[in-house]
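Q: prediction below, plus the sequence it came from.
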Amino acid sequence: MKLFKHNLLPLSLITPQNSHHVLSFHPSSTPTRLAQHILPAKMASSSDNNNELILKERAKSTFRYTEDIAPGLKLDMSMHAIHHASLSEFQEVQVIDSYFGMTLVTDGKTQSAEHDEFVYHESLVHPPLFWSAILSGAESGKATGGAPKSVFIGGGGELATAREVLKHNTIERLVMVDIDPEVVEVCKKHLPEWGGEAVANHPKMELIIGDAHKYLMETNEKFDVIIMDISDPIEAGPGIALYTQEFYQRAAQVLTPNGVFVTQAGSADFVPHPHAFPMEGSEDNTESSCYSPIMNTLATVFDHAIPYSVSIASFGEDWGFVMAFNGTPKSARHLVDIMPEEIDSLIEERIETVPGVPEHRFRSLGVKRAVTGKERGGDALKLYDGESHRGLFALGKPLREAIKSDKRIMTVENPIFMY
């Protein structure tokens with residue numbers, strides 16, 4: 001059911017009563033994430049003599065966007081426009097223009113925003129791909145090998161994860177499987193800077209609309225890197241089966257001998273709030289952080305499961321990832337302690353801008369813009385380099401201690417849901 005004719009009434013119809021987000025219209029007050037109510041703007045006198053006062057009063061009235069981040073914590077900002085709102089077969093899909101620019105929202109959660117989508121996508125993609133190169137080289141006694149050549153993406157409907165993978169000039173084959181064609185088409189139309197047609201139609205890319213879980217369970221193909229860019233493990237969401245021990249066991253079988261697995265892993269705040277980790281013996285905390293359970297679960301399948309994180313302003317919190325692979329403890333230590341010069345050298349040798357992907361409308365001070373669309377090396381990346389690599393793996397002591405205390409494992413029979 002696509003609802004385009006009226007930007008306000010349909011939103012109120014498609015928002016579930018228990019949605020974590022509200023979009024609303026508030027005169028001079030705080031905003032709220034998908035339209036449950038609209039308050040009339042203040043109207044000043046229409047007298048010609050009061051034009052200035054009218055404009056001043058109108059400036060106070062604005063649409064607002066609010067998202068629940070955690071119990072008792074909301075992210076609230078101005079919303080300039082609603083570009084898309086629909087219900088797909090699997091989820092609620094919106095594209096809005098807010099404080100952070102163009103933003104994709106699914107099921108009440110920000111997926112990525114114009115302001116800092118590169119932070120999420122570069123952090124998810126480049127550490128495992130460069131680590132694949134280093135692991136494949138170690139076998140032959142070289143600094144790096146020819147990998148990664150083949151990559152699988154589960155999810156990734158925005159196409160930005162594929163965009164970052166295709167920047168690696170070693171890639172020969174990229175398979176992306178996303179279950180929701182609505183998200184892919186909406187992003188191609190409204191968010192071409194994320195990748196758009198240039199990525200969807202790239203000659204190295206095979207885009208499949210389907211079930212990533214089913215695809216990996218049935219495929220005979222092997223991949224150097226598997227990237228899971230999927231929805232959070234929320235109870236009503238489509239992605240929970242992709243966070244289980246059973247799925248990770250199958251993913252390990254689909255990897256090449258030096259293969260690397262990585263998944264987004266939800267909230268990973270530097271100092272975790274008590275709600276994020278259940279009290280020992282408590283059964284009340286049915287929705288919490290899944291960061292350490294994802295790491296624990298991967299550690300039952302692979303020799304190493306290494307957590308890392310990055311601060312993402314548009315998410316309102318630090319965000320976690322977990323990389324998993326097999327090898328010696330020494331190799332795992334090298335991933336964390338790798339010298340910046342080694343990463344920077346790989347970037348210069350391997351990274352190239354994907355042709356035809358437009359630049360975002362604006363960039364923050366300190367973030368390079370693509371000028372020609374033919375940038376190479378460090379000029380083709382906004383965040384990731386040797387220094388930032390080390391920062392990604394430098395988790396705060398409070399988070400490390402919280403992870404140590406959490407022994408939970410995610411299985412089909414015992415799933416864990418994120419708030």
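A: Okay, I see it.

Q: okay, stretch 78-88 in PDB with CA atoms only?
A: C-alpha atoms of stretch 78-88 as PDB (Å, rounded to 0.1, in the frame of the first residue of the first chain):
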ATOM      1  CA  SER A  78      13.400  19.700  13.100                       C
ATOM      2  CA  MET A  79      11.900  17.900  10.100                       C
ATOM      3  CA  HIS A  80      11.900  19.900   6.900                       C
ATOM      4  CA  ALA A  81      10.000  17.500   4.600                       C
ATOM      5  CA  ILE A  82       8.500  14.000   4.200                       C
ATOM      6  CA  HIS A  83       9.600  12.700   0.800                       C
ATOM      7  CA  HIS A  84       8.200   9.200   1.100                       C
ATOM      8  CA  ALA A  85       6.000   7.100   3.400                       C
ATOM      9  CA  SER A  86       4.800   3.600   2.700                       C
ATOM     10  CA  LEU A  87       4.200   0.200   4.100                       C
ATOM     11  CA  SER A  88       6.100  -2.600   2.300                       C
END
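
Q: give me the buried positions along that stretch.
A: 79, 82-88 (16 or more other CB atoms under 10 Å). C-beta coordinates here come from the backbone N, C-alpha and C atoms, glycine included.

Q: what distance separates it from the middle of the whole chain?
A: 19 Å (CA atoms, centre = their mean, to the nearest Å).

Q: among the buried residues of stretch 78-88, which lie within strands?
A: Among these, DSSP state E puts 79, 82-87 in strands.

Q: which one of those is nearest to residue 201?
A: Residue 201 has its nearest neighbour among those in residue 84, at 21.4 Å by CB to CB.

Q: skip the chain neighbours and tell me the closest residue to that closest one.
A: residue 95 (4.1 Å; CB to CB, 6 or more residues apart in numbering).

Q: looking at it, the one you found is touching residue 194, isn't it?
A: No - Residue 95 is beyond contact range of residue 194, at 10.8 Å (criterion: CB atoms under 8 Å).

Q: of those two, give the one with the bigger neighbour count.
A: Higher neighbour count among residue 95 and residue 194: residue 194, with 28 against 19, using other CB atoms under 10 Å.

Q: show the contacting residues for the more buried one.
A: 112, 117, 158-160, 163, 187 (CB atoms under 8 Å, 6 or more residues apart in numbering).

Q: ok, what's across the strand from the closest residue to residue 74 other than its chain neighbours?
A: Sequence neighbours aside, residue 66 is the residue nearest to residue 74 in space, at 5.2 Å (criterion: CB to CB, 6+ apart). Counting by DSSP bridges, residue 66 is bridged to residue 22, residue 76.

Q: what's the answer for residue 105, then?
A: Residue 105 forms beta bridges with residue 94, residue 110, as assigned by DSSP bridges.

Q: measure it to residue 173 for me?
A: Going from residue 105 to residue 173 by CB to CB, to the nearest Å gives 32 Å.

Q: who has more neighbours out of the two?
A: Shown here are residue 105 and residue 173; by other CB under 10 Å, residue 105 has more neighbours (25 against 15).

Q: can you pull out the helices in the protein?
A: For the chain, applying DSSP state H gives helices covering 9-14, 51-60, 117-138, 160-165, 181-190, 196-200, 212-218, 245-254, 291-299, 329-337, 340-350, 386-392, 397-405.

Q: so which of the ones you listed is the most surrounded?
A: The highest average neighbour count among these, using mean count of other CB atoms under 10 Å, belongs to helix 160-165 at a mean of 28.

Q: can you give the contact residues for that one?
A: With CB under 8 Å, 6+ apart, helix 160-165 has contacts from 112, 117-118, 121-122, 124-126, 129, 151, 153, 155-156, 171, 174, 176, 194-195, 199, 202, 205, 207, 227, 229, 354, 357.

Q: what does stretch 387-399 give?
A: 123, 127, 268-272, 306-310, 335-338, 340, 343, 403.

Q: at 6 Å what do you get?
A: Contacts with stretch 387-399, where a contact means CB atoms under 6 Å, 6 or more residues apart in numbering, come from 270-272, 308, 310, 336, 340, 343.

Q: re earlier: may I see the helices of the chain arranged in TSV, with distance to residue 373 and mean pLDDT as well?
A: Putting the helices of the chain into TSV (distance: least, CB to CB, whole Å; pLDDT from 0 to 100) gives the following:
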stretch	distance to residue 373	mean pLDDT
helix 9-14	36	33
helix 51-60	38	64
helix 117-138	15	94
helix 160-165	12	98
helix 181-190	18	98
helix 196-200	10	97
helix 212-218	30	96
helix 245-254	34	97
helix 291-299	36	95
helix 329-337	32	90
helix 340-350	18	96
helix 386-392	23	97
helix 397-405	38	92
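
Q: kind regards, and thank you for your time.
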